[in-house]
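S.K.: Turn this into a model:
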Amino acid sequence: MRLIVMGQQAFGKSALEAILDKGEDEVVAVYCAPDKDGRVDPIKEFAQEKGLLVMQPTNFKSPDVLNAMKALKPDLCVMAYVIIFVPEEARNIPTYGSICYHPSMLPLHRGPSSINWPIIWGAEKTGITFFWPDDGLDEGEILLQKEIDIGPDDTLGTIYFDKAFPMGVEATLEAIDLVRAGNPPKIKQDDFKATYEGWCNKEAAEIDWSRFVGEVYNLIRGCNPQPGAWTTFNGEILQIFDSEKVDDGAFGRVGQVSAIDDNGILVTAGRGAIRVKRVRYAGGKKVTAKEFADEIGLEKGAKLGT
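M.R.: Now for the predicted structure:
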């Protein structure tokens with residue numbers, strides 16, 4: 001088939017690379033977001049290295065943009081991580097329409113931070129979906145889904161890089177194969193089961209040490225590495241990354257430091273404690289918790305969240 005590949009960043013590049021390596025379809029153009037602050041997106045750089053046509057429209061409503069897409073005579077548009085809205089008129093230009101990757105088991109976790117939230121909520125499973133996008137947010141019919149186990153100590157980083165990323169690249173090829181074979185699945189999403197969450201941003205990532213230790217731990221690992229769960233100390237932001245849940249480690253008031261050693265800083269939460277192992281303080285570099293404690297003279301009994 002003649003493919004348009006739309007994508008961004010590392011996932012878009014890897015999906016494009018996998019399509020080219022397989023060599024079964026012709027990529028007639030690569031669409032990616034406009035350059036920002038002089039930085040070149042990895043998918044654009046890779047596409048140019050391969051001599052592919054690169055298009056960077058600011059929107060997909062312009063007649064010139066639509067006519068340029070039509071001139072490519074595409075059979076399918078593969079959307080591998082796309083954050084610019086692509087309207088129906090553009091999506092329907094390819095003979096077989098457009099398919100889109102989303103890192104959750106739709107209709108669960110529609111929205112932009114779909115890997116963070118199931119970890120934060122303590123879910124044991126998530127997944128990836130290829131679907132036929134419509135004008136709603138992640139609401140189109142489902143083409144293909146694969147389930148991902150969330151381990152008790154998985155983080156945003158491990159789920160994305162170790163599981164959703166490679167599985168998504170593999171599923172990109174499988175989804176294209178399903179379309180090429182004819183009569184691909186188009187399964188309506190059950191809106192009754194749908195959830196939608198917005199960005200997992202700084203406001204959402206603030207730690208409330210009075211919450212049960214499991215909830216605090218889930219928030220920290222669901223925000224590691226982005227946006228970074230945080231608390232305060234002496235009026236400065238303290239972001240917490242690597243950590244460990246200690247169910248029997250509660251001593252003193254919530255948010256209080258009860259121990260400091262080479263393994264980290266033990267902080268009391270509801271019915272347990274968090275062993276903080278890696279942090280960033282006041283916008284500085286990421287360091288071990290022990291390095292942080294030594295640098296600022298943190299002592300046992302200090303209170304976080306102040």
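
S.K.: Tell me where the stretch 101-250 of the chain has helices.
M.R.: Using DSSP state H, counting those that start in this stretch, the helices assigned to the stretch 101-250 of the chain run over residues 116-120, 156-157, 165-181, 213-222.

S.K.: May I see those helices organised as CSV, with mean neighbour count, distance to residue 199 and mean pLDDT added?
M.R.: For the C-beta atoms, the positions are set from N, CA and C on the backbone; glycine is no exception. Rendered in CSV, the data for those read as follows (neighbours: other CB atoms under 10 Å; distance: least, CB to CB, whole Å; pLDDT from 0 to 100):
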stretch, mean neighbour count, distance to residue 199, mean pLDDT
helix 116-120, 24, 9, 98
helix 156-157, 19, 13, 98
helix 165-181, 18, 20, 98
helix 213-222, 24, 13, 98
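
S.K.: hey, C-alpha coordinates of stretch 96-104 in CSV?
M.R.: Listed next in CSV are the C-alpha coordinates belonging to stretch 96-104 (Å, rounded to 0.1, in the frame of the first residue of the first chain):
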residue,chain,number,x,y,z
TYR,A,96,-8.8,2.9,3.6
GLY,A,97,-8.9,5.9,5.9
SER,A,98,-6.6,6.5,8.9
ILE,A,99,-5.5,4.5,11.9
CYS,A,100,-4.1,5.9,15.1
TYR,A,101,-2.0,4.6,18.0
HIS,A,102,-3.0,5.2,21.6
PRO,A,103,-1.2,3.8,24.7
SER,A,104,-4.2,2.5,26.7
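
S.K.: Other residues contacting it?
M.R.: Applying CB atoms under 8 Å, 6 or more residues apart in numbering, the external contacts of stretch 96-104 come out as 1, 11, 15, 75-82, 86, 91-92, 110, 114-115, 118, 126-133, 138, 140, 143, 160, 164, 168, 171-172, 175-176, 179, 184.

S.K.: my guess is residue 254 meets residue 213, correct?
M.R.: No: taking contact to mean CB atoms under 8 Å, the distance of 9.5 Å between residue 254 and residue 213 leaves them out of contact.

S.K.: where do the contact lists of the two overlap?
M.R.: Applying CB under 8 Å, 6+ apart, one finds that residue 254 and residue 213 are jointly contacted by 269-270.

S.K.: Would you map out the domains in the protein?
M.R.: Domain assignment for the chain, taken from automatic domain parsing, gives 2-193, 213-296.

S.K.: Which of those sits closest to residue 303?
M.R.: Nearest to residue 303 among the domains of the chain is domain 213-296 (5.4 Å), distances taken as CB to CB.

S.K.: quick one: terminal-to-terminal distance for the closest one?
M.R.: Between the start and the finish of domain 213-296 there is a gap of 26 Å, counting by CA to CA, to the nearest Å.

S.K.: can you pull out the strands in the stretch 101-250 of the chain?
M.R.: Along the stretch 101-250 of the chain, counting by DSSP state E, counting those that start in this stretch, strands occupy 125-132, 141-149, 229-233, 236-240, 243-246.

S.K.: Tell me the confidence at the nearest residue to residue 16 once chain neighbours are set aside?
M.R.: Nearest-residue entry for residue 16: residue 5, 5.1 Å, with adjacent residues in sequence omitted and distances by CB to CB, 6 or more residues apart in numbering. Per-residue confidence (pLDDT) for residue 5: 98.

S.K.: same deal with residue 81?
M.R.: Checking the pLDDT column for residue 81, the value is 88.

S.K.: how many other residues sit next to it?
M.R.: The burial count assigned to residue 81 is 21, neighbours taken as other CB atoms under 10 Å.

S.K.: Test my guess that it contacts residue 11.
M.R.: Yes: under the criterion of CB under 8 Å, residue 81 makes contact with residue 11 at 4.7 Å.
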